[in-house]
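>>> Quick check, what structure comes out for this input:
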Amino acid sequence: MEHRLSQIQTQKLTLSPQIRQYLKLLQLPIQQLESVLEQEINENPALDEVSDSIEDQPLLQDEAGSTQTNKENETNEDVSELDFKETLKKLDELDENFKESMYTDFSKTRNHNSEEEEEKRNYLQSLITQEESLSDYLLFQMTMLDLSEEDQRLAAEIIGNVNEDGYLAVPLEDIASSLGKVPESLQTILEKLQTLEPPGVCARNLSECLLLQLKRRKEDTHLAQNIIQNHLPLLEKKDFLKLSKKTKASIDRVKEACQLIAHLDPKPGSIFYREESITVIPDANVYRDDDLGELVIEMNDEPLPRLRINAQFRKMLKDKSLDAKAKEFVKNKVDSAIWLIRALDQRQSTLKEITKKIVESQQEFFDRGFSCLKPLRLKDIGEALSIHESTVSRAISGKYIRTPQGTIPYKSFFSSKMEGVEGPESQKSVMEKIRTLAQNENPAKPLSDEKLVELLNADGLKIARRTVAKYRTLLKILPSHLRKYHR
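Have a look, this model is predicted:
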């Protein structure tokens, strides 16, 4: 063992700050990119956002590394500075006038049109509404029950432990313990709460939830209750023969009872909690131009701010009287701004080229839908554009494209291939065919996986039954013996 110095020559890839910034911007969806650019504008004084009315200045001037001057540029910059100061002066005047007149004008209007203002205020307040929650609905109904003030307090505690599906999420014993009560004292209150709407609410498990709903039915539900209480595993398997033997009822009666159970709501509280629709901003819009007879691509950069180098900072770079530290600070900020503008431009260019290649490869999709998607890999796009497939993956991550078939993720265009008689088909087009077959089947005789294989083979697609079963599961389509009773 000894200490010594040695030199070793190795090769490794090191990403420059510019490349890192480009990759970071490339990966961001347009909503996040807009936020990042706004943050950069706030943090870097060398960056300016270009308004729509300003077109006299180029977006990017590379004075950061050059000391050459140009009289025409300096003249333009001086004019721009004067215009900018004049604009600021007008804005200040408008702001002062607004401050002076705001309260006096408002008070006059308020005195002369008090009734109108009151109507407007009431109208605006009526717009600020909040959807009623399951908890609110239960608390409202609770006031109509025959409960003492103390029991109402305990009932409110129980309702506070009901989850979004409508189930009591905490054991009654734990609630009683936290309140210093015995479980029996809460049991009676719980039973009263279980009579509230929607049917099945405040149940402690699935069986109790379904039983609560069955007990409200006018028809005879004794067989269905028996199946839920004692034979739930057989019900899940749809084993009608064993159910018939266990309940000593005919198979037809068992099937009727199972169909009745299938129409019950296993999550009674879900009607109060609908999923919020996700709003996305597509990075590109593809549509067919009837006049040109071809697909047109429009990149959506409207939400993004247009950037340029601050004119004052460009002047400071040429100021020979500026001390070294100040000039270094200015140069670093301008360099950073230039890198950002170039990285943003490169991001937009890369995404546009990827979009073009996708449109070229998936022409039929834009006219006929997912069933006509062709096999496409990230590697195929990467090779066509001479970039690495990981760059393609970054570029499409979390991004959407508006098409005649709807706004869909970029990743929807990529899938592996399967062999067909007329050539390879994409996995997603096969899944779409399975979805279509299941949607158009006879509800009384759902298609089995074997039958789906036969139909797909007849359509010229070679596919195994286990593959059909896997795709059916991914599509959240139930097996044939369950689909019959879940329509």
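>>> Just give the number of residues close to the closest residue to residue 378 other than its chain neighbours.
Residue nearest to residue 378 in three dimensions, not counting chain neighbours: residue 389, with 4.2 Å by CB to CB, 6 or more residues apart in numbering. Any C-beta I mention is one placed from the backbone N, CA and C, and that applies to glycine too. Counted by other CB atoms under 10 Å, the residues lying close to residue 389 total 14.
>>> and residue 389, what pLDDT?
On pLDDT, residue 389 comes in at 86.
>>> do the one 4 residues further on as well
Here the pLDDT value assigned to residue 393 is 88.
>>> what does residue 80 give?
For residue 80, pLDDT reads 40.
>>> Please point out which parts of the helix or strand harbouring residue 408 sit buried.
Using DSSP states H and E, residue 408 maps to strand 406-409. Residues residue 408 are the ones in strand 406-409 that count as buried (16 or more other CB atoms under 10 Å).
>>> just how off-centre is it within its chain?
11 Å (CA atoms, centre = their mean, to the nearest Å).
>>> Identify the residues contacting that strand?
Contacts to strand 406-409, defined as CB atoms under 8 Å, 6 or more residues apart in numbering, come from residues 280, 282, 396, 398-401.
>>> List only buried entries from those.
280, 282, 396, 398-401.
>>> What ranges in the chain fall below the confidence cut-off?
1, 10-16, 51-132, 273-278, 416-426, 482-487 (pLDDT under 70).
>>> taking the contacts of strand 406-409 one by one, which sit in strands?
The members of those that map onto strands under DSSP state E are 400-401.
>>> and residue 152, what does it touch?
142-143.
>>> separation between it and residue 166?
For residue 152, the distance to residue 166 (CB to CB, to the nearest Å) stands at 20 Å.
>>> Then residue 173?
Applying CB to CB to residue 173 and residue 166 gives a distance of 20 Å.
>>> neighbour count winner among these two?
Between residue 173 and residue 166, counted using other CB under 10 Å, the more crowded position is residue 166 (25 against 11).
>>> got a list of what that one touches?
134, 198, 200-203, 209, 267-270.
>>> what about 10 Å?
Residues in contact with residue 166, defined by CB atoms under 10 Å, 6 or more residues apart in numbering, are 134, 138, 198-203, 209, 265-273.
>>> Give me the distance between it and residue 178.
21 Å.
>>> Over to residue 286. Which of the three states is it?
strand (DSSP: H, G, I helix; E, B strand; the rest coil).
>>> Based on its surroundings, how many neighbours for it?
With other CB under 10 Å as criterion, residue 286 counts 21.
>>> again with residue 169
12.
>>> do you know how far it is from residue 287?
Taking CB to CB, one finds residue 169 at 48 Å from residue 287.
>>> try residue 35
From residue 35 to residue 287 the distance is 28 Å (CB to CB).
>>> hmm, back to that, Provide a list of residues in contact with the residue nearest to residue 378.
Taking CB under 10 Å, 6+ apart, we find residue 389 in contact with 377-383.
>>> all strands in the stretch 351-487 of the chain, in order from the N-terminus.
Using DSSP state E, counting those that start in this stretch, the strands found in the stretch 351-487 of the chain span residues 400-403, 406-409, 417-418, 425-426.
>>> Give the other helices and strands that the first one contacts.
Under the contact criterion of 3 or more CB pairs under 10 Å, 6 or more residues apart in numbering; DSSP states H and E, strand 400-403 touches strand 284-289, strand 294-299, helix 324-361, strand 406-409.
>>> mind listing the helices for the stretch 351-487 of the chain?
Using DSSP state H, counting those that start in this stretch, the helices assigned to the stretch 351-487 of the chain run over residues 363-368, 378-385, 389-396, 427-439, 449-458, 465-474, 480-483.
>>> And the fourth one, what's buried?
Residues of helix 427-439 classed as buried under the neighbour-count rule (16+ other CB under 10 Å) are 427-435, 437-438.
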